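Colleague: Only the shape, not the letters, is given here:
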């Protein structure tokens, strides 16, 4: 038996076929077992992130006024479809077809080349990544609601999924120049959230505010004419986003087939959950102190801001640090919302403070727990991505405005986009 | 060591207990490991398909008028319960108790006989299959809404879950005569969707249209009196159905414990997703072109039609073919909806065009990518299942009509089923 | 080869590292493989139980009147956050820091000490357990709706998550005195549901009924002024709770890495599903017989009561027994609801009959299928937990009432908590 005991690795190679292909040779799981675990991880993660599409849709449906609800639903399901198709046709390789340290990928249809040695099914990877691009485009949808035309929005979403998102994403997750520089953004505080938020900001600027939203003195008008159509749907949406984040952050570990990977996934889940919890409390406390009421919308956006802030680095912080990151992200969202209002920027759902401001913050504090990057590098990453996304989005929105038109007519706005654009009123709750 | 290397299979038998029982002997996962993966797959798949029950409920709740919303909720949760109980008591063995090439199973309570050699837990299989029968009955529920009495509907649902669905399902998935003939229906474009759609058609014919739905000249009345009660709930329902489809189609692979199985699951997820996406775009484009508005309901039903169409064969098509199948399924749904309206057939939610018409189409185009069947065989399968389901359902609805009564009174219909049948109004949104 | 065949265990120790650490040595899965499966089980289970938080929120949002919907949303998301933070800071160790046979754990922040030998990631365990405490606090939230102040409720929720729930939970699941005595409560009919229900009862008693809910003669007022705001949201909430239960009960097996564990999980899923189904039918039949209408709310609460009742022992009953347990749980809920109304106890959503009454029933009938306990022991457990939870909760509510105040003013109640406390109306569905 001595002989056999000495030849552990040879026997290992025998029983655990192609163990040398496996991501982690120092494991007792066969390469095929790891392949299944990793693929299953992407699959579960992808389904959870898909729930975020429904979450964004509910959140936005609930926050717009009654006369724009069908339109926001159409925009959300349409964007989910269009972004997926475009990301398949060329977006994916625009990101991952990049060369090491490069700036842009290839214009090429996605294709599968799964082998046991790749460690996971390519299909599962595409599935997971696609749900990310849908999330990015969702961020824009809410901010520009109630006055953008549907089809120009769809064109923007297609360009977002085909070029704007994948190009900058390839810089980092495709191994491009930002990655080479040492930038760190685990699950996308910047790559997804600030990128989407910067695009939303461009849209909000180009479109202008909804009619009558601000008085001539720049004060926000009293809430009645712009009241949220359904708070329970906003809450449901936030819950769905929160749960989706367990997949979004957790499976951004990109592997589940070893002791250390599955540990990472669950540590990420705990930190993500605690950051969201702290963000919720932040929104409750700040509004109670500042306004005398416990504002449900700020609690929900606080939760989301906390979740966005932890997304850049959900693995290395201690749970206590995660709580603080979530809490501060929430406060940044609150004051950012006030700042935008003061600037007469009409972000219908608060997408910019939640995703861009909290996302930037989360990215900048990565060095607090992760010594492999530093503040300067993080700042470089944030600025590059935000500027890139803002400038391209601004250009696209401007071009649309000057060609096919971007904003609905004043008459249509008075009537509401549901009647003007979709032809289906959202509610008929009178009997 | 040479000796040992030569005796790989003997050692394999030693370490990987009862490997000969495993579905795929050419794998490095032990039979127990495969058993866990397969069972987990059924479990996750079953939970995802369960979400379709909630999805159908939201979709139907949103599409009916305000005065029938509580009723549709009662019908959906009731049907979920009744179908599960009946399928346990005898439906399952009415399907799977069939002999090879046979026509009908046994009248027998479900029971468990899981062994490691069976490859997965029988409980997980029952769980997964039960969610399918609930989906089938859901298809009927929406079509006959707003005028059917609750308890006759429950009786129909019980007969559907106990006889109509399982008998024809056994023909194919239980190894009965259709399977022997070479019919191919991977996850149920015909077995689930067209079967449910044909039953819905029978119900719609026997019941007749809602009062005032069509003018004497057969024109559909203007939308106001029959306006959907809540578009965001319809959209939420569609998203839940879409995500449920990842389990519905993906885990119809029925195994996850090998490289090839998990690859199949994720390839299916990609094709399913792309078909749904293309269907959504189809609904948007066709209504924009034909009606001048981008109709959200047709986008949502387009998504579902795309998903139904790919269900017969989500594994063998290329992604590009999947996109075309989804797109054409969506167009068939659109023109099918118009056709039914012209026939004065009042399908409240569009269940027949979505599930039956797109399901038939999807089944007939299986030979495009799967050479193991042909058009004639597919047509045989479609016709047998649809006729069987239609004739039995028609008979059941007629019998109910002539005995305990099927349709609520005219007074009740004016009042709405919520007040007449359930005694609970759905919304009290006035303060 | 003979030699090798005889040395199976030695070779096993060689290839399957630290197999002696594994929960079940008689398995072909390596300790690392089991670790991943178990951890993944907690993760999936935790995500499913998280959906219950959304489910409770939708259920409660739909059952309260229109003027308290934003508040119930704020209470649900706030409680989700606060309970998670508190359970991290000391609740977890207040439960699991208990000594064998002991009465109380330690006041100590949660920390991770995952090793392969522990069989699963500590993070995944915390994640799963946290979702349970959130569920327990949710039960209280609905019962005391429409008249409790938000911040006193948050303080109560924090004390519930930090002390009341974990102390009694440690008695059983932490290995404390109840566990030593032989009490059996698999997934928490008593530990979670009756505990939460008893706390809800204390709250309802201390707060008193909503203004005008009962006439001076104790009759419940006609439904109009207290009509549920949205039945579809109640239904959605019930569906989400039902699906969450698959994680709640299923992964309370606490392991998935062996043949027997994964079998147990799926058997539990089947029994849980059938009990919920039988409970739904119970609610439909009893209201049809007693009231002449098929009451949707009683069907939904019937489903939940069936699910609660099976939770104490979802593994050992036959499916037929599970059906009867669910059915009787539902009837107990129905008559319990009437009983509370007769006592002028205003439980807005029926949390006490669903969670406490059906939970007690489910716990007491465990000996029917599980011979390892007996009626006397079960009764001891139920009484200890309910009295402990009721007395502590009553004390907390009373103290809050006499210090910072518990109930909103009469003016605020007339105005509705949404305007008075949250400053955001839930719906603006008029255009």
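Modeller: Structure's in. What do you need? Not measured: the values here are computed from a predicted model.
Colleague: Quickly find the element holding the closest residue to chain B within the stretch 201-350 of chain A.
Modeller: Closest to chain B within the stretch 201-350 of chain A is residue A:233: 5.7 Å, counting by Cβ to the nearest Cβ. The C-beta positions use only the backbone N, C-alpha and C, and glycine is treated the same way. Per DSSP states H and E, residue A:233 falls inside helix A:231-250.
Colleague: now that helix against helix C:231-250, angle please.
Modeller: 30 degrees (axes from the mean of the first three to the mean of the last three Cα atoms, to 10 degrees).
Colleague: For the closest residue to the residue of the stretch 201-350 of chain A closest to chain B other than its chain neighbours, give its distance to residue C:80.
Modeller: Distances taken as Cβ to Cβ, 6 or more residues apart in numbering or on different chains put residue A:62 closest to residue A:233, at 3.4 Å, once the chain neighbours are dropped. Distance of residue A:62 to residue C:80, computed by Cβ to Cβ, to the nearest Å: 18 Å.
Colleague: re earlier: would you report the backbone torsion angles of the residue nearest to residue A:233?
Modeller: phi -80, psi -30 (degrees, to the nearest 10).
Colleague: That one: neighbouring residues, count only.
Modeller: Using other Cβ atoms under 10 Å in any protein chain shown, residue A:62 is surrounded by 27 other residues.
Colleague: isn't there a helix covering residue A:211?
Modeller: No: residue state for residue A:211 (DSSP: H, G, I helix; E, B strand; the rest coil) corresponds to coil; a helix is not indicated.
Colleague: State the phi and psi torsions of it.
Modeller: Backbone torsions for residue A:211, taken as degrees, to the nearest 10, come to phi -50, psi 130.
Colleague: Residue A:151 against residue B:292, yeah?
Modeller: No: the criterion here is Cβ atoms under 8 Å, and residue A:151 misses it with residue B:292 at 11.9 Å.
Colleague: These two: which is more packed in?
Modeller: residue A:151 (17 against 10).
Colleague: so when I look at that one, I'm seeing a helix, right?
Modeller: Yes: assessed with three-state DSSP, residue A:151 lies in a helix.
Colleague: which residues does residue A:301 contact?
Modeller: A:283, A:330, A:333, A:337, A:350, A:353, A:354 (Cβ atoms under 8 Å, 6 or more residues apart in numbering or on different chains).
Colleague: State the distance from it to chain C.
Modeller: 11 Å (Cβ to the nearest Cβ, to the nearest Å).
Colleague: and what of residue A:261?
Modeller: Residue A:261 is 8 Å from chain C, by Cβ to the nearest Cβ.
Colleague: Can you classify that residue as helix, strand or coil?
Modeller: Classification of residue A:261 using three-state DSSP returns helix.
Colleague: what's the answer for residue A:329, then?
Modeller: helix.
Colleague: Can you name every helix or strand that the helix holding residue A:233 contacts?
Modeller: helix A:31-63, helix A:259-291, helix A:296-310, helix C:31-63, helix C:69-86 (3 or more Cβ pairs under 8 Å, 6 or more residues apart in numbering or on different chains; DSSP states H and E).
Colleague: so how many other residues sit close to the closest residue to residue A:292 other than its chain neighbours?
Modeller: The shortest distance from residue A:292 to any non-neighbouring residue, by Cβ to Cβ, 6+ apart, is to residue C:423 (8.0 Å). Look at residue C:423: counted by other Cβ under 10 Å, it has 17 neighbours.
Colleague: Okay, residue A:154 and residue B:153: tell me how far apart.
Modeller: Taken as Cβ to Cβ, the span from residue A:154 to residue B:153 is 39 Å.
Colleague: actually residue A:89, not the one I typed
Modeller: For residue A:89 relative to residue B:153 (Cβ to Cβ), the value is 44 Å.
Colleague: Please identify which of these two sits among more neighbours.
Modeller: residue B:153 (26 against 20).
Colleague: Does the more buried one touch residue B:143 like I think?
Modeller: No: Residue B:153 lies out of contact with residue B:143 (Cβ under 8 Å); the separation is 11.1 Å.
Colleague: Go ahead and confirm residue A:38 touches residue A:253.
Modeller: No: Residue A:38 is not in contact with residue A:253 according to Cβ under 8 Å; the separation is 9.7 Å.
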